[in-house]
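*Asks:* only the shape, not the letters, is given here:
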């Protein structure tokens with residue numbers, strides 16, 4: 001069992017930066033792959049970034065590649081998303097998620113993740 005709590009969202013102007021954090025509890029956190037997803041009003045939840053259990057492999061949606069960076073600290077049970085050069089289209093509720101390593105096949109699919117945080121709002125003004 002893994003519990004996830006996001007923080008760090010807020011209002012920022014276009015071109016600005018935010019850093020989202022996700023605190024995980026549960027003894028087996030380090031054996032989970034982690035992901036960030038987002039959902040804008042009226043839209044489906046979409047993949048943003050993924051990091052594997054060891055932190056040695058990352059993957060990004062094309063829309064955020066080069067602007068966002070995902071990282072994890074297994075000793076501190078955290079995963080972060082550094083967001084730079086933010087655009088109005090990045091506005092959404094951002095969720096962190098954990099997926100078991102041995103069952104994950106498609107890292108960009110929400111269905112592959114077993115645990116979710118409550119979400120944190122990111123609003124980028126133009």
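*Replies:* Alright, I've got the coordinates. Computed from a predicted model, the values in this text were never measured in an experiment.
*Asks:* helix, strand or coil: sort out residue 123 for me.
*Replies:* Assigned state for residue 123: strand (three-state reduction, DSSP: H, G, I helix; E, B strand; the rest coil).
*Asks:* partners of it in the sheet?
*Replies:* Here residue 123 shows beta-bridge partners residue 11, assigned using DSSP bridges.
*Asks:* and the strands in the chain?
*Replies:* Counting by DSSP state E, one finds strands in the chain at the ranges 3-7, 10-13, 18-25, 32-39, 46-51, 58-60, 68-73, 78-83, 92-100, 115-116, 120-125.
*Asks:* out of those strands, the one nearest residue 108 is which?
*Replies:* Proximity to residue 108, assessed across the strands of the chain by CB to CB, is greatest for strand 46-51 (4.0 Å). The C-beta positions use only the backbone N, C-alpha and C, and glycine is treated the same way.
*Asks:* give the buried residues for the closest one.
*Replies:* The neighbour-count check on strand 46-51 (16 or more other CB atoms under 10 Å) flags 47, 48, 49, 50, 51 as buried.
*Asks:* which other helices and strands contact it?
*Replies:* Helices and strands in packing contact with strand 46-51 are listed as strand 32-39, strand 58-60, strand 68-73, strand 78-83; criterion 3 or more CB pairs under 8 Å, 6 or more residues apart in numbering; DSSP states H and E.
*Asks:* could you pull up the mean pLDDT of that strand?
*Replies:* Summarised as a single mean, pLDDT over strand 46-51 is 97.
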